[in-house]
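> what's the 3D shape of this:
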Amino acid sequence: MTLEAPAAPIFRRLVPGTIRAGVEKLGGRPAMVVRSVSAIRRGALSFEDGETIRVAARTALTLRIPIVLVLASSGADVSEGVVSLHGWGQAARALTKCSGAVPVVVVVTGPAISGPAFLLGLADLVVMTSDAFAFVSGPAMVEQFTGVRIGIHQLGGTAMHARSSGLCTVEAATEPDALAHVDHLLGLLPANADELAPLGPTDDPPDRDAGELRDIMPTRATSSYDVRRVAAALSDDHEVTELWTRWSPQLVTALGRIAGRTVGFVANQPQALAGTLDIAASQKGARFVRFCDAFNLPLVTLVDTPGFLPGKDLEWRGMIRHGAELAFAYAEATVPRVCVILRKAFGGAYIVMDSKGLGNDLCFAWPGAEIAVMGAEGAVQILHRTAGREERETLQAEYSERFLTPWQAAERGFVDAVIDPGDTRAVVADALAVLETTRETLPGRKHTVGPL
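Numbers count the residues shown, from 1 in each chain. The predicted model follows:
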């Protein structure tokens, strides 16, 4: 009997179970790929499977390479009892140790049910195919406890997780399509937190004039535009990769390259809720900022927000605590941070969108930027409650002329320069080149306690 040599290093090859692990090429570099075999016990995870994931994660951490888990699992193996629970618990602990050290990606190609579904929540990026679904408690239990009848895809399908829960980072049609997305994403990232992202090939000069940005801003202050066009104009070859596209669309989070180096874009989107921030937007932004900071990706923040979205339900659900997540993430970040104020930057939302107060390295503003506590109408309503309509209009015009400009902030050093929109790419590229050698000494402590 002749044994066929494996095409790539495979770990624990003869151990029975539904999990297979080995080193493959993804993103142009080696990656630890862990696959579940759904044809065996519907991918149920046994104790041995949990141990295989643990060994794979530990090896990925030792080799300093990304780990990619391709998962389709009906949950912990019921026939093994508590032993199987211990197995996926070990897997969860091992993946947690990888967090912030090497990229952790999960591709869901089928069910991800019960305890093992929590492995998705431990990942940096989650790619789900159209057939995938994930939940902790299934439709039968939901109906038993709540009386609500619901289907599996309505409860935990890809569309739901992409739109509502924020679990799904990228949607894909099939498993090959999902792995192509993973290959592209890993190509934008460093192999581990001790490296910089690889330089991408480009013929696009860093000082290219972004003339299209001179005409992008609508003449009416209440009109919208697509901020993704701004991010594309700043990026090499106008290419950006947006993440979490359908979750909280009023905040855009995307990866792109400037002068060949990967950067993370965080941008208010005026086309959705006027770019206001709410709980989901704050969580989305905070998670992305922490992700970029962990893997040495400079942050470029594009600001155009009238403030936080008001509402009693938001306040009751913890707007203060969750809004602070974004401020906390920016304040902790040590990567180069460049902020560009495009139009509106009002109140607390101006602060949490990487303001100078939170420690950005360089802040620029377009000439039409409005930086203030609030807009003219709201300010006049507070300061001059009894004014008539004509007087109020006059006061609003005076307030706008005096306060709704970038010049006062620039005079106080909160804005480093007021720039021509067409020069934004060149200015940001120069800033990132200067800041590339930025290093910061972190305080000696176990870890921070953020507003999770």
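
> report the secondary structure state of the residue positioned nearest the centre of the chain.
Against the mean C-alpha coordinate of the chain, by CA atoms, centre = their mean, the closest residue is F288 at 3.0 Å. Recorded secondary structure, F288: helix (DSSP: H, G, I helix; E, B strand; the rest coil).

> from W247, how far out is the closest residue to it other than its chain neighbours?
Leaving aside its chain neighbours, F288 sits nearest to T253 (4.1 Å; criterion: CB to CB, 6 or more residues apart in numbering). To be clear about C-beta, it is placed using only N, CA and C from the backbone, and glycine gets the same treatment. For T253, the distance to W247 (CB to CB, to the nearest Å) stands at 9 Å.

> any common contacting residues for the two?
Both T253 and W247 are contacted by K284, under the criterion CB atoms under 8 Å, 6 or more residues apart in numbering.

> for this structure, what are the low-confidence residue spans?
Along the chain, the parts satisfying pLDDT under 70 run over 1-9, 14, 39-43, 75-81, 83-84, 373-403.

> can you give me the domain assignment for it?
Per automatic domain parsing, the domain ranges recorded for the chain read 10-188, 211-369+405-435.

> coming back round to it: assign a three-state SS to the residue nearest to F288, would you?
Classification of T253 by three-state DSSP places it in strand.

> ditto for the one 10 residues further on
When states are read from three-state DSSP, the local structure at V263 comes out as strand.

> partner residues bridging it?
Judged by DSSP bridges, the bridge partners of V263 are G256.

> ok, it - how many residues close by?
28 (other CB atoms under 10 Å).

> I figured it hits A254, correct?
No: V263 lies out of contact with A254 (CB atoms under 8 Å); the separation is 9.3 Å.

> can you give me the helices for the stretch 351-452 of the chain?
For the stretch 351-452 of the chain, applying DSSP state H, counting those that start in this stretch gives helices covering 376-383, 389-403, 407-411, 424-435.

> ugh, wrong one, I meant the stretch 151-300 of the chain
In the stretch 151-300 of the chain, helices defined by DSSP H, counting those that start in this stretch lie at 152-156, 158-160, 175-188, 227-234, 279-294, listed in chain order.

> for F364, which of the ones you listed is the nearest?
helix 227-234 (11.6 Å; CB to CB).

> show residues contacting the closest one.
The contact list for helix 227-234 (CB under 8 Å, 6+ apart) reads 210, 212-213, 216, 238-240, 242, 252, 254, 256, 258, 265, 267-271, 275, 300, 302, 304, 342, 424-425, 428.

> ok, stretch 416-435 next?
206-211, 213-214, 216-217, 230, 233-234, 258-259, 261, 263, 298, 300, 336, 338, 340, 361-367, 369, 406-407, 410.

> next one: stretch 325-335
277, 281-283, 285-287, 289-290, 292-293, 296-299, 337, 351-354, 358-360, 438, 440, 442, 448, 450-452.

> put the buried members of those residues into a ChimeraX selection.
Buried residues among these (16 or more other CB atoms under 10 Å), as a ChimeraX selection:
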select :277,281,282,283,285,286,287,289,290,292,293,296,297,298,299,337,351,352,353,354,358,360,451
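
> circling back to that earlier point, restricted to strands, list the contacts of stretch 416-435.
I258, R261, V263, V300, V338, V340, L362, C363, F364, A365 (DSSP state E).

> tell me the spacing between the second one and G200.
When you say that, I think you mean R261. 8 Å.

> between those two, who's got more neighbours?
For the pair R261 and G200, the greater number of neighbours falls to R261 (22 against 17), based on other CB under 10 Å.

> nearest spatial neighbour of E212, skipping sequence neighbours?
The spatially closest residue to E212, leaving aside those adjacent along the chain, is A233, at 5.8 Å (CB to CB, 6+ apart).

> give me the buried entries from the contacts of stretch 416-435.
Buried, going by 16+ other CB under 10 Å: 206, 210, 213, 216-217, 230, 233-234, 258-259, 261, 263, 298, 300, 336, 338, 340, 361-366, 369, 406, 410, out of those.

> turn the domains of the chain into CSV, columns for distance to D194.
Output for the domains of the chain, formatted as CSV (distance: least, CB to CB, whole Å):
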stretch, distance to D194
domain 10-188, 7
domain 211-369+405-435, 9
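
> bridged to E24, which residues?
Beta-bridge partners recorded for E24 (DSSP bridges): A31.

> what about it, how many residues nearby?
For E24, the count of nearby residues is 15 (other CB under 10 Å).

> what's the answer for the one 4 residues further on, then?
Other residues within reach of G28, judged by other CB under 10 Å, total 11.

> the nearest residue to it once chain neighbours are set aside and Y330, how far apart?
Excluding its sequence neighbours, the residue lying closest to G28 (CB to CB, 6+ apart) is G187, at 5.6 Å. Separation of G187 from Y330 (CB to CB): 26 Å.

> more crowded one of the two?
The neighbour count for G187 versus Y330, taken as other CB under 10 Å, is higher for Y330 (27 against 16).
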